[in-house]
Every structure is written in structure tokens, then in C-alpha cells.
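[1] sequence first, predicted model second:
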Amino acid sequence: MKTPGEIISQMYDNDAFSLWLGIERLAEKAGYCHLKMVVRQEMTNGFGIAHGGITYSLADSALAFASNSHGQQAMSIETSISHTRPVKAGDELWAEAIELNKSRRLAIYEVKVTNQDKHTVALFKGTVFRTEKDW
């Protein structure tokens, strides 16, 4: 069976969007993932703040890596996000995915996105379906 790091490497290396975002992997283990990225100017909207999809995508990548790290392929079936502070170009963002509950078929994760000042900028919750297919 593959280790969490091997699984996440396989996913990350083939994830063009996470690579485009510039996501860095900081820490990972079964049911857990910690990522970092820097917001670029082309990620901002007409208000001069990061498009909501940027924090969502960072959190979604953390969810994907954490939920697949157990060795079973998993896919999100429900996600939600609350944006709590504006994010600007140049901001560093950290996303930490923590497993709240895992059963044979479903798992629930919380992802907290913080900035360089350690302020929470988004709270994300995701539910995944755990397939029977191994990595």
C-alpha cells in the first residue's frame, strides 16, 4: 500500500490547476494536509481582491489530498466555504485540512485558510465519498 506522501505526490504531479496556483505542500499524513500558496495579481477580481475561487480552490486541493491519503480514492460530494476576510495580491495563504469524521463510505473535513498575519480568511467544509478503489 502507498504512503500518504506517495499518494499525494501522484495526485499533485498530475494536478495542473494546483500547480498553476503555485501550491506548496508543507505537511501531510493520513487524513491531514497543510498547503501554502501566494496570491498573484492575475488571481484578483474587479474589486482588487482575490477571486473567491482562489481560496476555494486552495481549500479544495487540501481536501482532496487529505481525503485520499488513506489509500482509498475519494471524491467530494458536498463542499461549502465562508469567506471571512478579503485577500489581496501578494498575500500568503495556508490551508490546513483536518479530518473530522471518517466511516467506510463517507468522510468529513474542515479546512481553515489563514493569511501571513495568521488571520482566518476562509472556512471550508467538505464531505467526500470513499470508493472501494485503492491508489
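    Sure thing, it's come through.

[2] in the strand ranked longest in the chain, which residues are buried?
    Taking DSSP state E as the criterion, the chain has its longest strand at strand 120-134. Neighbour-count burial for strand 120-134, with 16 or more other Cβ atoms under 10 Å as criterion, is recorded at 121-128, 130. The C-beta positions use only the backbone N, C-alpha and C, and glycine is treated the same way.

[3] check those residues and tell me the two furthest apart.
    Farthest apart among those by Cβ to Cβ are Val121 and Arg130. That separation is 28.9 Å.

[4] give me every residue that touches Ser76.
    Under the criterion of Cβ atoms under 8 Å, 6 or more residues apart in numbering, the contact list for Ser76 reads 60, 63-64, 67, 126-129.

[5] if we go to 6 Å?
    By Cβ atoms under 6 Å, 6 or more residues apart in numbering, the contact set of Ser76 is 126, 128.

[6] how far off centre is stretch 90-97?
    Its chain's C-alpha centre and that of stretch 90-97 lie 10 Å apart, by Cα atoms, centre = their mean, to the nearest Å.

[7] cool, and stretch 77-92?
    Distance, centroid of stretch 77-92 to centroid of chain: 11 Å (Cα atoms, centre = their mean).

[8] all strands for this structure, in order.
    So, for the chain - with DSSP E - the strands run 24-29, 32-38, 72-83, 92-102, 106-115, 120-134.

[9] looking at Lys112 now. What's its pLDDT?
    Note on Lys112: pLDDT of 98.

[10] for Met1, same thing?
    Here the pLDDT value assigned to Met1 is 84.

[11] check contacts around it.
    Gly71.

[12] distance check, it against Ser103.
    20 Å (Cβ to Cβ, to the nearest Å).

[13] name the single longest helix found in this protein.
    The longest helix of the chain (DSSP state H) is helix 52-68.

[14] for that one, list the C-alpha coordinates in PDB.
    Provided in PDB are the C-alpha atoms of helix 52-68 (Å, rounded to 0.1, in the frame of the first residue of the first chain):
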ATOM      1  CA  GLY A  52     -13.300  33.800  -4.100                       C
ATOM      2  CA  GLY A  53     -12.400  30.800  -6.300                       C
ATOM      3  CA  ILE A  54      -8.800  31.100  -5.200                       C
ATOM      4  CA  THR A  55      -9.300  30.400  -1.600                       C
ATOM      5  CA  TYR A  56     -11.900  27.800  -2.500                       C
ATOM      6  CA  SER A  57      -9.500  26.100  -4.900                       C
ATOM      7  CA  LEU A  58      -6.700  26.000  -2.300                       C
ATOM      8  CA  ALA A  59      -9.100  24.600   0.300                       C
ATOM      9  CA  ASP A  60     -10.500  22.100  -2.200                       C
ATOM     10  CA  SER A  61      -6.900  20.900  -3.000                       C
ATOM     11  CA  ALA A  62      -6.200  20.400   0.700                       C
ATOM     12  CA  LEU A  63      -9.500  18.400   1.000                       C
ATOM     13  CA  ALA A  64      -8.600  16.200  -2.000                       C
ATOM     14  CA  PHE A  65      -5.100  15.400  -0.700                       C
ATOM     15  CA  ALA A  66      -6.200  14.800   2.900                       C
ATOM     16  CA  SER A  67      -9.200  12.600   2.000                       C
ATOM     17  CA  ASN A  68      -7.300  10.500  -0.500                       C
END
